[in-house]
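Colleague: Can you look at this prediction? I've put the sequence above it.
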Amino acid sequence: MAKICLCLTAKTIAADLEILARNRSCIDIAELRVDCLAPDERFLIRNFPEQAGLPVILTIRREKDGGNFAEGEASRIRLLAQGLAFAQADRRKNFAYVDLEEDLNVPSLEEAARTFGTRIIRSAHCFNGVGGDMPGKLRSLRRTGDEIAKIAVQARGTADALALVRAAREARDMDKIFLCMGHYGVFTRILTEKLGSQISYTSADEEGVPQAAPGQLCPRDLAELYRFRGIGPETKVFGVLGHPLRVTNSPKFFNTVFALEAANAVYVPFPTDSLKDFMALADELGLSGVSVTVPYKEAILDYLGSMSEDVGRIGACNTISRGPRGWEGTNTDMRGFSDSLLAFIGALAGGQGAETARPRRIGFPAARKPAGPPSNLKGRKVTVIGAGGAARAVAAELYRLGARALILNRTPAKARNLAAPYKFRWGGLNERGMDQMERFSDIIIQTTPAGMEGDPGRDPLETYPFSGKEIVMDLVYQPDRTPFLRRAEAASCPVLNGYDMFIRQARYQYTQFFKRDFPADLLARVNI
């Protein structure tokens with residue numbers, strides 16, 4: 001079974017042991033990164049395995065391999081020898097593994113390791129993506145059959161991650177560790193066992209503790225959120241697709257639900273720069289279902305074997321699942337949006353004040369039994385900011401519910417194309433567009449990523465003067481209040497962020513994935 005390894009990168013042995021103690025329940029082994037230790041601390045490494053009380057990898061990573069050791073090979077070899085010296089009969093007091101790079105050729109070190117049961121990890125680090133014959137490289141790394149071959153690739157995009165997964169499949173019969181460093185390879189750190197790799201490396205999520213390598217998760221998330229130790233060949237894999245995908249609560253929602261149900265399933269983030277490469281990766285991994293987010297809600301239609309009537313009508317899809325004719329596409333944003341907005345309007349009609357205590361679900365009243373939601377939006381005049389996939393779902397629901405709307409977008413032609421089927425008004429995010437808003441300001445709905453975490457400070461309507469009478473909704477929910485929403489709230493507008501919509505549409509996605517209704521009793525227990 002694949003193991004969770006905590007990389008220890010503090011400057012002192014004592015600090016590493018404290019970090020280890022705080023994370024012990026979530027890990028199986030540790031890696032002592034001697035190159036991160038202060039120079040005088042490096043002489044104390046020999047007793048570390050006994051102090052740690054669990055199997056430890058001895059690693060002294062050079063700068064050219066992504067580490068910190070700069071003193072030269074002779075010094076590094078002496079430190080490696082010191083770590084392996086004076087081996088004891090009780091192997092628990094020795095290093096369980098030693099990481100030796102592919103170009104390091106010191107037979108005495110290798111012989112010392114094998115004599116006392118320290119297993120050699122023969123490693124290669126590729127910082128320019130996948131190149132050449134990767135399956136062949138995996139096989140050629142090992143000098144003897146008892147070594148573990150390790151390849152760590154800095155993924156430049158989804159194509160590199162796909163190539164590494166294919167290489168691992170071709171080398172399925174050998175002991176190996178393989179992973180993609182960086183944002184595009186996070187799934188390789190979660191699906192380690194399913195992919196035939198032996199170790200997933202993690203870093204402590206603590207202030208002042210440097211991450212050992214880009215893209216590493218913290219051990220607690222890997223062990224508890226993703227339930228790493230329960231992932232096996234029969235585990236169903238779901239995920240969320242997007243770019244850059246640095247802000248999403250979907251893994252927390254679905255993995256929490258899966259844990260409460262004790263389901264043999266996991267939900268994984270897939271940052272993707274190429275939809276074509278991702279769809280090939282989805283087949284390689286046998287994904288069961290995928291949530292689709294920015295910017296792929298429209299492009300995904302080209303890969304569907306069948307689609308719901310709503311998807312065909314609006315040209316946007318946020319959920320795909322396996323079906324008899326390939327990928328089936330649906331759109332849960334539509335109902336998630338309208339259910340949330342109507343419930344909010346109903347709550348306001350009940351005369352209840354807006355809740356501010358809960359940080360995520362901004363806007364809903366504190367009372368738990370608000371007035372019933374209206375059944376339509378007839379007579380309401382609405383402005384929609386944006387013309388992407390989320391705006392398509394919003395516009396379709398506004399039309400279904402009888403609202404009159406104005407679509408504004410930075411590219412007016414896109415606003416025109418979205419507005420045309422519904423005979424809505426349209427315009428650009430300019431002075432002329434703002435002037436039109438005076439006649440469409442009962443409700444204002446912001447559908448773009450503007451203001452999302454990682455894109456701070458943006459307000460797509462920064463020159464619009466809120467009167468305090470508008471109902472204002474922003475589909476972004478991280479941060480809780482975007483600059484746009486904060487400005488509306490300061491003008492005394494009732495405001496609603498996208499958290500409630502997110503939860504509602506995720507429940508509909510669950511139904512699409514599993515062909516059954518979301519269990520009502522679970523909702524109160526999903527605290528994310």
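Modeller: Sure thing, it's come through.
Colleague: only C-alpha atoms for contact and neighbour calcs from this point on.
Modeller: Noted.
Colleague: roughly how far apart are residue 327 and residue 393?
Modeller: 20 Å (C-alpha to C-alpha, to the nearest Å).
Colleague: My error: substitute residue 179 in the last question.
Modeller: Here the criterion is C-alpha to C-alpha. By it, residue 179 lies 37 Å from residue 393.
Colleague: One more: residue 75?
Modeller: Here residue 75 is placed at a distance of 62 Å from residue 393 (C-alpha to C-alpha).
Colleague: who's more crowded, these two?
Modeller: Regarding residue 75 and residue 393, a neighbour count based on other C-alpha atoms under 10 Å identifies residue 393 as having more, with 28 against 12.
Colleague: right, and the helix or strand after the helix or strand containing that one?
Modeller: In this structure, residue 393 is located in helix 389-400 according to DSSP states H and E. For helix 389-400, the succeeding helix or strand toward the C-terminus, using DSSP H and E, is strand 404-409.
Colleague: how long is stretch 379-387 end to end?
Modeller: Stretch 379-387 has its terminal residues 23 Å apart, counting by C-alpha to C-alpha.
Colleague: and if you look at stretch 167-184?
Modeller: Where stretch 167-184 begins and where it ends lie 17 Å apart, using C-alpha to C-alpha.
Colleague: next one: stretch 466-476
Modeller: End-to-end distance for stretch 466-476, by C-alpha to C-alpha: 19 Å.
Colleague: Run the chain-centre distance for that stretch.
Modeller: In this view, stretch 466-476 has its centroid 29 Å away from the chain centroid, taken as C-alpha atoms, centre = their mean, to the nearest Å.
Colleague: what sits up against it?
Modeller: Here stretch 466-476 makes contact (C-alpha atoms under 8 Å, 6 or more residues apart in numbering) with 341, 441-449, 451-452, 482, 484-485, 488, 491-499, 501.
Colleague: Now it: average pLDDT?
Modeller: Along stretch 466-476, the predicted confidence averages to a pLDDT of 97.
Colleague: and it, which residues are buried?
Modeller: Counting neighbours by 16 or more other C-alpha atoms under 10 Å, one finds that the buried residues in stretch 466-476 are 466, 470-476.
Colleague: Ok, stretch 134-146 next?
Modeller: Taking 16+ other C-alpha under 10 Å as the neighbour-count basis, stretch 134-146 is seen to contain the buried residues 134-135, 137-139, 141-142.
Colleague: could you dump the lowest-mean-pLDDT helix or strand in the chain to CSV, C-alpha only?
Modeller: Using mean pLDDT, DSSP states H and E, the weakest-scoring helix or strand in the chain turns out to be helix 134-141, at a mean of 87. Taking C-alpha atoms only, helix 134-141 is exported to CSV below (Å, rounded to 0.1, in the frame of the first residue of the first chain):
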residue,chain,number,x,y,z
MET,A,134,10.0,7.9,-19.9
PRO,A,135,9.1,4.1,-19.4
GLY,A,136,12.7,3.3,-20.4
LYS,A,137,14.1,5.9,-18.1
LEU,A,138,12.1,4.4,-15.2
ARG,A,139,13.5,0.9,-15.9
SER,A,140,17.1,2.1,-16.5
LEU,A,141,17.2,4.0,-13.2
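Colleague: which helices and strands does it pack with?
Modeller: With contacts defined as 3 or more C-alpha pairs under 8 Å, 6 or more residues apart in numbering; DSSP states H and E, the packing partners of helix 134-141 are strand 119-126, strand 148-154, helix 158-170.
Colleague: would you turn those into CSV with mean neighbour count and distance to residue 517?
Modeller: Listed next are the helices and strands packed on helix 134-141 as CSV, based on neighbours: other C-alpha atoms under 10 Å; distance: least, C-alpha to C-alpha, whole Å:
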stretch, mean neighbour count, distance to residue 517
strand 119-126, 21, 45
strand 148-154, 24, 41
helix 158-170, 21, 33
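Colleague: Wait, a helix at residue 267?
Modeller: No - according to DSSP: H, G, I helix; E, B strand; the rest coil, residue 267 belongs to no helix; its state is strand.
Colleague: residues in contact with it?
Modeller: Contacts for residue 267 (C-alpha under 8 Å, 6+ apart) come out as 226, 237-240, 250-251, 254-255.
Colleague: go on, residue 229?
Modeller: Taking C-alpha under 8 Å, 6+ apart as the definition, contacts of residue 229 comprise 1-3, 223.
Colleague: hmm, 7 Å instead?
Modeller: Taking C-alpha atoms under 7 Å, 6 or more residues apart in numbering as the contact definition, residue 229 lies against residue 223.
Colleague: Next one: it relative to residue 236, how far apart?
Modeller: Plainly put, residue 229 is 14 Å away from residue 236 if you go by C-alpha to C-alpha.
Colleague: Could you do residue 452 as well?
Modeller: Residue 452 sits 30 Å away from residue 236, taking C-alpha to C-alpha as the criterion.
Colleague: Same drill for these two, tell me which one is more crowded.
Modeller: Here residue 452 and residue 236 are set side by side on neighbour count (other C-alpha under 10 Å), and the busier one is residue 452, at 21 against 17.
Colleague: what secondary structure does that one sit in?
Modeller: Reducing the assignment at residue 452 to three states with three-state DSSP gives coil.
Colleague: hang on, isn't it packed against residue 479?
Modeller: Yes - in this structure, residue 452 is within contact of residue 479 by C-alpha atoms under 7 Å, at 6.3 Å.
Colleague: beta partners for the closest residue to residue 411 other than its chain neighbours?
Modeller: Leaving out its chain neighbours, the residue that sits closest to residue 411 by C-alpha to C-alpha, 6 or more residues apart in numbering is residue 428, at 6.3 Å. With DSSP bridges applied, residue 428 shows beta-bridge pairing to residue 409.
Colleague: contacting residues for residue 428?
Modeller: Taking C-alpha under 7 Å, 6+ apart as the criterion, residue 428 is in contact with 408-412.
Colleague: Could you provide those in JSON lines, with additional columns for neighbour count and distance to residue 43?
Modeller: Putting those into JSON lines (neighbours: other C-alpha atoms under 10 Å; distance: C-alpha to C-alpha, whole Å) gives the following:
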{"residue": "408", "neighbour count": "29", "distance to residue 43": "65"}
{"residue": "409", "neighbour count": "22", "distance to residue 43": "62"}
{"residue": "410", "neighbour count": "15", "distance to residue 43": "61"}
{"residue": "411", "neighbour count": "13", "distance to residue 43": "63"}
{"residue": "412", "neighbour count": "19", "distance to residue 43": "66"}
